[in-house]
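# predicted structure and sequence below. I'll ask about it afterward.
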Amino acid sequence: MKRLLVMGRFDQHADYYRCTTMRYLAALLVMVTFCGCGGGETPQQTDGSIAETPSDVPKPNGKELQTLKGHTHWVRSVAFSPDGQRIVSCSTDKTVKIWDANTGKGLHTLKGHDGSVNSVAFSPDGQRVVSGSRDKTVKIWDASSGKELHTLKGHTDYVRSVAFSPDGQRIVSGCGGSDVPKELRTLSGSSDNTLKIWDASSGKELHTLKGHDDEVMSVAFSPDGQRVVSGSHDKTLKIWDASEEAE
């Protein structure tokens, strides 16, 4: 089975690579996490020591397979479809693009956001794509036709991260950050810093989760769909009850 890693770059391109073993893929992901800004820095662990690849891990192929060109500004987020046949990307150019993961050919360009698109994800069945934008909205798209299905409105600040639940029935979004200086946000009412859970079929808002003191940068559902985890600029992670009975 082929194992591929796709990465967005600040030069408006997306690259993907073949990894020869799952163990090395894990090691490579650690390097991406700590050195994603580029610049040739040596990866470091949280204690400051140099992260080394275990000696018994085979050297990777690491061969670049494709460079996908089409975005006209920074690529913010990328994801594979569940079957590995397509890739979705989003950009500061306000678009979402769907690509053929084997040929690198562009399949669809999804237009509709009025600001930079910060986060994208495929639904578990690969039939839909969700995107979150600086225009304060979440959009759901048909991944086959590129048609916009829903625009979810409710956040009052940039949407930083989006994710589908494992069953594809719900979407979680995380929000925060604006052009208003942090010290003025409470006075202007521009601060959000919330998570929202939405019905993925109707677009109805189900819950607003409040508790972070700064912008929410990343969100994810647990494998059973009963919890949500969020990470924030307030230096904390929070775990939330995402069950249907949650208030």
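Okay, I see it.

# each with direction, which strands does the host helix or strand of Ser173 pair with?
Element membership for Ser173, per DSSP states H and E: strand 170-175. Sheet pairing here is set by DSSP bridges, and for strand 170-175 it gives strand 159-164 (antiparallel), strand 195-199 (antiparallel).

# where in this protein is pLDDT low?
Along the chain, segments meeting pLDDT under 70 span 1-57, 178-191, 245-247.

# kindly recompute the last result at 80.
Scanning the chain for pLDDT under 80 picks out the ranges 1-60, 177-191, 244-247.

# before we move on, the earlier item: dump the strands paired with strand 170-175 to TSV, plus mean neighbour count and distance to Gly132.
Every residue, glycine included, has its C-beta placed from N, CA and C. What follows is the strands paired with strand 170-175, written out as TSV (neighbours: other C-beta atoms under 10 Å; distance: least, C-beta to C-beta, whole Å):
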stretch	mean neighbour count	distance to Gly132
strand 159-164	26	3
strand 195-199	22	10
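
# as a markdown table, those strands with distance to Thr67 would be great.
Converted to a markdown table, these look like this (distance: least, C-beta to C-beta, whole Å):
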| stretch | distance to Thr67 |
| --- | --- |
| strand 159-164 | 26 |
| strand 195-199 | 34 |
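
# among these, which is nearest Glu64?
The closest of the strands paired with strand 170-175 to Glu64 is strand 159-164. By C-beta to C-beta, the value is 27.4 Å.

# Val216 contacts Ala163, doesn't it?
No - under the criterion of C-beta atoms under 8 Å, Val216 is not in contact with Ala163, lying 11.9 Å apart.

# the nearest residue to Val159 once chain neighbours are set aside: what secondary structure?
Among residues not flanking Val159 along the chain, Gly132 sits closest, at 3.4 Å (C-beta to C-beta, 6 or more residues apart in numbering). The assignment at Gly132 comes out as strand when based on DSSP: H, G, I helix; E, B strand; the rest coil.
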